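Visitor: just a sequence and a predicted model for now, questions to come.
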Amino acid sequence: QVRLVESGGGLVLAGDSLRLSCAASDRTVSENIMGWFRQAPGKEREFVAAVTPGGNVQSYGDSVKGRSIVSRDNAQVTIYLQINNLRPEDTAVYYCAVKRYGSGSRMDASSYDLWGQGTPVTVSS
């Protein structure tokens, strides 16, 4: 079974930057769209970013657009998310995910079938 392991979360100050990583245990995910979602306490899971298999097309949620970069290294089977100018409202558990099947939107969590365990990010003001 393919495993996704996120890392890089932690406690940061508002205005800081953070780079999250997600490593997959199987190279087959290199052929799939990979994405990042986040979930704050009491809120629904929210789309953050996604990247196509070749890494040439990126999509971003409105909340991070313009201050985030999603990228991937298929040789390392790893996806990255950098968020700059962090805000307290960015506080959440961040999850990476793989979309292997179907034609659903890459911005919809229900389109993804593989999920990591999440890494918490807390932004202090």
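Guide: Looks like it came in fine. Numbering: from 1, shown residues only.
Visitor: give me the most central residue, the chain.
Guide: Residue closest to the average C-alpha location in the chain (CA atoms, centre = their mean): residue 36, at 2.0 Å.
Visitor: wasn't that one part of a strand?
Guide: Yes - looking at residue 36 with DSSP: H, G, I helix; E, B strand; the rest coil, it is inside a strand.
Visitor: which residue is the nearest non-sequential neighbour of it?
Guide: residue 48 (4.2 Å; CB to CB, 6 or more residues apart in numbering). The way it works is simple: take the backbone N, C-alpha and C, and place the C-beta from them, glycine included.
Visitor: residue 22 now?
Guide: Using CB to CB, 6+ apart, the nearest residue to residue 22 is residue 96, at 3.3 Å.
Visitor: ranges for the strands of the protein?
Guide: Using DSSP state E, the strands found in the chain span residues 4-7, 10-13, 18-24, 33-39, 46-51, 58-60, 68-73, 78-83, 92-99, 114-115, 119-124.
Visitor: of all those strands, which one is nearest residue 107?
Guide: Nearest to residue 107 among those is strand 46-51; the distance by CB to CB comes to 4.4 Å.
Visitor: and the contacts of the closest one?
Guide: For strand 46-51, the surrounding residues in contact (CB atoms under 8 Å, 6 or more residues apart in numbering) are 33-40, 57-61, 63-64, 68, 70-72, 79, 81, 92, 94, 99, 106-109.
Visitor: circling back: for the residue nearest to residue 36, grab the count of nearby residues.
Guide: Counted with other CB atoms under 10 Å, the neighbours of residue 48 add up to 26.
Visitor: so how far is residue 27 from it?
Guide: 24 Å (CB to CB, to the nearest Å).
Visitor: now residue 124
Guide: From residue 124 to residue 27 the distance is 38 Å (CB to CB).
Visitor: residues touching residue 86, list them.
Guide: Counting by CB under 8 Å, 6+ apart, the residues that residue 86 touches are 12, 13, 14, 15, 16, 17, 18, 121, 123.
Visitor: could you rerun that using 10 Å?
Guide: 12-18, 64, 67, 121-124 (CB atoms under 10 Å, 6 or more residues apart in numbering).
Visitor: filter those down to the buried ones, PyMOL style.
Guide: Buried residues within these, by 16 or more other CB atoms under 10 Å, are selected in PyMOL with:
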select buried, resi 12+18+64+121+123
